[in-house]
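# Take a look and give me a structure for this.
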Amino acid sequence: MESGLHGERARAGRVRTARALSGRVRRARGRRLGLALLAVAALAGAPGGAGCASRDAAQGVLQQHEGTPGAEAVAVARLPDWDAVLAEAPADPARYLELAAREFETGRRGRALALAEAARALAVADPGLRARAEALARAARTDPASSQGARRGRRAERALAAALAHYRRGALERALAELEGTSGSETGDPEARRLLAAVHLGLAGRALAQGQHERAAAHLWAAADAHATARQPQLYRELARLARRRALAAELAGSAAQARAALLEAFIAAPDEPETLLLLSSRPHAGPGAVPERARAAWQALLLRAHPESAAAHYLLARAAIARAQEPEQARRIAEEFGARHPGAPVLAAELHSLAAERASEHAAREAVAARRELERLLAEAQRARIDLESELGGATAPPAGDRRRTTRAAREAGAGARAGRRAATRGTEPRIPGAVSALAAASQSR
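You can find the predicted model right below:
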């Protein structure tokens, strides 16, 4: 009873604290806004009944201050949402270039670089679009130049010094709140941007250690947007790996649309990775989360062109060869050759063996149907042959109609004479032999 009363008091205290912090947030500005929001968000995640109430309050405050410097400190960095634009034509380089230009204009150069590289990889048949994508990628690799002669204000100096101190102590959330509460990261201050990228990278590593993959990916994208030093191939490959992991989790959960969106993000992060290209080219062309056949063909062509000797490329070729195989033994040999050539890809080898087994089952089913039809044909032929044989045998043994009548009459007369002889014998008199002989002679003549 006491424990229940204590829990109720604790929840009521958290609710009062949440309301007080919400009021402070409404009055806060600048860097203090980020710190106050951090406190509210931490309270919102506390266990117990007060968590929901304080979470609602925090969400309302966040929505009220959306876009205000400092409010981004506690909002879970949002992952890119490109699936809505790319769903109908996920392999159209023009759409990727359009998205890249949009991200570049908003200052998200890390995302702009990834989109421009994806557009360049797909624009094989359009040299003009490929050239524009390369130019945009070059511009996105660098940071905007800081204004010449621009001096950092006293407030920005203090915020930068405080953020650096928090960063060195490992208080990454506090450092992020200080940096997001200043305008240094928006005016091209290279030092502020570099520190902001380092903070996001640190938060990404911490989220990975805690198994929070979506949050880690969001911080990695933010780091790439913050400073050019973070726009390295290793970062984009890690983003692609995390996106593929999310795609697998979504597929297992039955959300095919989310799986497709995650795979598109993986392709944008690293458009030349064979694992991503193989997963995209293997997506269904109908149903939820499907991709058009034209897009699948484009990704297959990109995979075969960029990595012709990879296990993924050989898997695509082997899969097509198994589909064309006429005999089950031929399909089985193709799967075994792939396994021997790529021992490090047991999953793909098992998939090929499964396809070969399906082909063998289909072949066996077709053979069973053909055998049943052949048996029915042979039975029908045997039936016709039996009928013909019976008709032939019946015609050869039956005498003509006249002969049959004469034979029947002679047989009756012979039978009558035999009966008369038996009666005479029983009476002790001699039988009338001439009648009996004449009847048998007539019967013999008729034969």
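# hey, where'd the helices end up in the stretch 301-447 of the chain?
Along the stretch 301-447 of the chain, the segments classed as helices by DSSP state H, counting those that start in this stretch run 311-324, 328-341, 346-397, 401-427, 433-446.
# The stretch 51-200 of the chain now?
Going by DSSP H, counting those that start in this stretch, the stretch 51-200 of the chain shows helices at 83-86, 93-105, 109-122, 127-140, 154-169, 172-180, 190-209.
# rewinding a little: the helices of the stretch 301-447 of the chain: lowest mean pLDDT?
Lowest mean pLDDT within these: helix 433-446, a mean of 43.
# How is this protein partitioned into domains?
2-73, 90-140, 309-394, 404-446 (automatic domain parsing).
# what about the second one, how long is it end to end?
One end of domain 90-140 to the other measures 22 Å (C-alpha to C-alpha, to the nearest Å).
# What's the mean pLDDT across it?
For domain 90-140, mean pLDDT rounds to 95.
# With the first one instead?
Taken as a whole, domain 2-73 carries a mean pLDDT of 48.
# Is residue 271 in a helix, a strand, or coil?
Under DSSP: H, G, I helix; E, B strand; the rest coil, residue 271 falls in the coil class.
# need the contact list for it.
Shown in contact with residue 271 (C-beta atoms under 8 Å, 6 or more residues apart in numbering): 117, 118, 121, 122, 302. Just so you know, the C-beta spots here come from the backbone N, C-alpha and C atoms, and that holds for glycine as well.
# List the neighbours of stretch 208-222 that are in contact with it.
Counting by C-beta under 8 Å, 6+ apart, 76-80, 110-111, 200-201, 203-205, 207, 235, 238-239, 242-243, 245-246 sit against stretch 208-222.
# Give me the buried entries from those.
Among the contacts of stretch 208-222, the ones that count as buried by 16 or more other C-beta atoms under 10 Å are 77, 79-80, 110-111, 200-201, 203-204, 207, 235, 238-239, 242-243, 246.
# what's the closest of these to residue 100?
The shortest approach to residue 100 among these belongs to residue 111, at 7.9 Å (C-beta to C-beta).
# Tell me, how many residues neighbour the residue lying closest to that closest one once chain neighbours are set aside?
Of all residues not flanking residue 111 in the chain, residue 103 sits nearest, at 4.4 Å (C-beta to C-beta, 6 or more residues apart in numbering). Residue 103 has 23 neighbours, counted by other C-beta atoms under 10 Å.
# Do I have it right that residue 103 meets residue 116?
No - assessed by C-beta atoms under 8 Å, residue 103 is found out of contact with residue 116, at 9.1 Å.
# in the stretch 151-300 of the chain, which ranges drop under the pLDDT threshold?
Applying pLDDT under 70 to the stretch 151-300 of the chain flags residues 151-152, 181-188.
# gap between the two ends of stretch 85-92?
Using C-alpha to C-alpha, the span of stretch 85-92 from its first residue to its last is 11 Å.
# Would you mark the buried spots in it?
Neighbour counts over stretch 85-92 (16+ other C-beta under 10 Å) mark 85, 86, 87, 90, 91, 92 as buried.
# Between which two of those is the distance greatest?
85 and 91 (12.8 Å).
# Give me the residues contacting stretch 231-247.
109-110, 113-114, 140-141, 213-214, 216-217, 220-221, 223-224, 258-260, 262-263, 265-267, 269-270, 273, 275-276, 279.
# Count the neighbours of residue 265 for me.
26.
# picking that back up, restrict the contacts of stretch 231-247 to the buried ones and give me that as a PyMOL selection.
The following PyMOL line selects those of those that are buried, judged by 16+ other C-beta under 10 Å:
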select buried, resi 109+110+113+114+140+213+214+216+217+220+221+223+224+258+259+260+262+263+265+266+267+269+270+273+275+276+279
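# from the buried ones among the contacts of stretch 208-222, which is closest to residue 297?
Distance to residue 297 across those (C-beta to C-beta) is lowest for residue 243, with 22.1 Å.
# CA atoms only for the helix or strand the closest one falls within, dumped as PDB, please.
According to DSSP states H and E, residue 243 maps onto helix 233-252. Output in PDB follows, covering the C-alpha atoms of helix 233-252 (Å, rounded to 0.1, in the frame of the first residue of the first chain):
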ATOM      1  CA  PRO A 233      32.900   7.100 -47.900                       C
ATOM      2  CA  GLN A 234      33.100   5.200 -44.600                       C
ATOM      3  CA  LEU A 235      30.200   7.200 -43.200                       C
ATOM      4  CA  TYR A 236      28.000   6.700 -46.200                       C
ATOM      5  CA  ARG A 237      28.700   2.900 -46.200                       C
ATOM      6  CA  GLU A 238      27.700   2.800 -42.600                       C
ATOM      7  CA  LEU A 239      24.500   4.600 -43.400                       C
ATOM      8  CA  ALA A 240      23.800   2.100 -46.200                       C
ATOM      9  CA  ARG A 241      24.400  -0.800 -43.800                       C
ATOM     10  CA  LEU A 242      22.100   0.600 -41.200                       C
ATOM     11  CA  ALA A 243      19.400   1.200 -43.800                       C
ATOM     12  CA  ARG A 244      19.600  -2.400 -45.100                       C
ATOM     13  CA  ARG A 245      19.300  -3.500 -41.500                       C
ATOM     14  CA  ARG A 246      16.100  -1.500 -41.100                       C
ATOM     15  CA  ALA A 247      14.800  -2.900 -44.400                       C
ATOM     16  CA  LEU A 248      15.300  -6.400 -43.200                       C
ATOM     17  CA  ALA A 249      13.500  -5.600 -39.900                       C
ATOM     18  CA  ALA A 250      10.600  -4.000 -41.700                       C
ATOM     19  CA  GLU A 251      10.300  -6.900 -44.100                       C
ATOM     20  CA  LEU A 252      10.200  -9.400 -41.200                       C
END
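# Just want the angle from it to helix 109-122.
In terms of direction (axes from the mean of the first three to the mean of the last three C-alpha atoms, to 10 degrees), helix 233-252 departs from helix 109-122 by 80 degrees.
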